[in-house]
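In: sequence plus the predicted model coming up.
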Amino acid sequence: MKKIFVLSAVLLFSVSLYAQKNIYGFTVKDINGKPFALSQLKGKKVLIVNVASKCGFTPQYKALEALYKKYESDGFVIIGFPANNFAHQEPGSNAEIKKFCTLNYNVTFPMMSKISVKGDDMAPLYRWLTEKKLNGKENSEVKWNFQKYLINRDGTLSRVYNPWVKPDNKKIIEWIKSK
């Protein structure tokens, strides 16, 4: 009986480690509060970005939307995660954030519910994005709003770009276009 328990524990541990190799094991909530399984993005390149409505980088929404529109048909998607971790620059509710993004930037890329991207209450996806022991690629710290995480078609972390790197940066576009 003890051997079965140990074997079961090892198997569960192995499965949980495997699930951490890519983003597909995560389910988040969209801006309307509905579950959004990241597994539905299999085979797509994904740019994950933490966003805020009252930030100096907020105009990046325009470039993000243009990038999404231009490359969506090539299997590219952007996912925005509103967060209020930096200088209280995203104080609004999900409904207020959705209204702001629609009215001011005509955002059509998927927006998720407001989360925390650092600290003790960091969302599990962001813990995976920022910890090498989970993502297998690199450690990073979310420096400010509009930090960009590039996810390969197999769901693995490719690169991290700081907030001041614009969405239409040559290296980001080259990554989107690459196989």
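Out: Perfect, I can see it now.

In: what sits up against the helix or strand containing residue 77?
Out: Using DSSP states H and E, residue 77 sits in strand 76-82. For strand 76-82, contacts defined as Cβ atoms under 8 Å, 6 or more residues apart in numbering pick out 28, 31, 41, 44-53, 64, 67-68, 90, 92, 94, 97, 101, 107, 109-115, 117, 123, 125-126, 176. In this view, the C-beta of every residue, glycine as well, is placed from N, C-alpha and C.

In: and those, which are buried?
Out: Among the contacts of strand 76-82, those scoring as buried are 28, 31, 41, 45-53, 64, 67-68, 90, 92, 94, 97, 101, 107, 109-115, 117, 123, 125-126, 176 (criterion: 16 or more other Cβ atoms under 10 Å).

In: in strands only, show me these.
Out: 28, 45-51 (DSSP state E).

In: distance to residue 75 added to these, as TSV?
Out: Shown next, in TSV, are those (distance: Cβ to Cβ, whole Å):
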residue	distance to residue 75
28	20
45	6
46	10
47	12
48	16
49	18
50	23
51	22
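
In: put together CSV for these, with pLDDT on each row.
Out: Shown next, in CSV, are those (pLDDT from 0 to 100):
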residue, pLDDT
28, 98
45, 98
46, 98
47, 98
48, 98
49, 98
50, 98
51, 98
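
In: nearest to residue 37, of those residues?
Out: Nearest to residue 37 out of those is residue 28 (Cβ to Cβ; 8.4 Å).

In: mind listing what that closest one touches?
Out: 35-36, 38, 81, 112-113, 115, 123, 125.

In: one more: residue 37?
Out: Neighbouring residues of residue 37 by Cβ under 8 Å, 6+ apart: 26-27.

In: let's see 10 Å
Out: 24-28 (Cβ atoms under 10 Å, 6 or more residues apart in numbering).

In: brilliant, that's me finished.
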